[in-house]
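Student: Next comes the sequence, and after it the predicted model I'd like to discuss.
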Amino acid sequence: MSYVMAATLLRKAGEALYGEKWVAPMARALKVKERTIRDWMAGGLPFDLNHPALTDVVLLLELVEDRAIQVRREIKLHLTALKLDKKTKRSKLRAA
């Protein structure tokens, strides 16, 4: 059961990070062969919830999450500045 859960979590993380074709980029990120990931998924190699690769996957997810939060904040900051700039221009037009 632990194998099935670990493989399911690896697939979910891979798809979240890299999309439908996640195996090759995940293999590169984990510094393993694509075949290794496929063997983990098929049960051909030991892979359970205690496997160290899952710790690396968590780190990858956290890194992406941190980057996404930073980009989201930056976009919101620019959108807010743009809205304020438009409001200021409208106010100046009304006052003129």
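Tutor: Noted; the coordinates are in hand.
Student: Any regions of the protein where pLDDT drops low?
Tutor: Counting by pLDDT under 70, the chain contains low-confidence residues at 1, 87, 89-96.
Student: just the helices in the chain please.
Tutor: Remark: helices assigned in the chain by DSSP state H are 2-18, 23-30, 34-42, 52-95.
Student: Let me have those helices in CSV, extended by mean neighbour count.
Tutor: Every residue, glycine included, has its C-beta placed from N, CA and C. Output for the helices of the chain, formatted as CSV (neighbours: other CB atoms under 10 Å):
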stretch, mean neighbour count
helix 2-18, 15
helix 23-30, 17
helix 34-42, 16
helix 52-95, 11
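Student: Does Val57 touch Ala13 like I think?
Tutor: Yes: taking contacts as CB atoms under 8 Å, Val57 lies within contact range of Ala13: 4.8 Å.
Student: what do those two both touch?
Tutor: Met26 (CB atoms under 8 Å, 6 or more residues apart in numbering).
Student: which residues does Leu45 contact?
Tutor: Contact criterion CB under 8 Å, 6+ apart gives Thr36, Asp39 as the residues in contact with Leu45.
Student: what's Ala27 in contact with, if anything?
Tutor: For Ala27, the contacting residues are Lys33, Glu34, Thr36, Ile37, taking CB under 8 Å, 6+ apart as the criterion.
Student: In CSV, list those along with distance to Arg67.
Tutor: Below are these laid out as CSV (distance: CB to CB, whole Å):
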residue, distance to Arg67
Lys33, 27
Glu34, 25
Thr36, 26
Ile37, 23
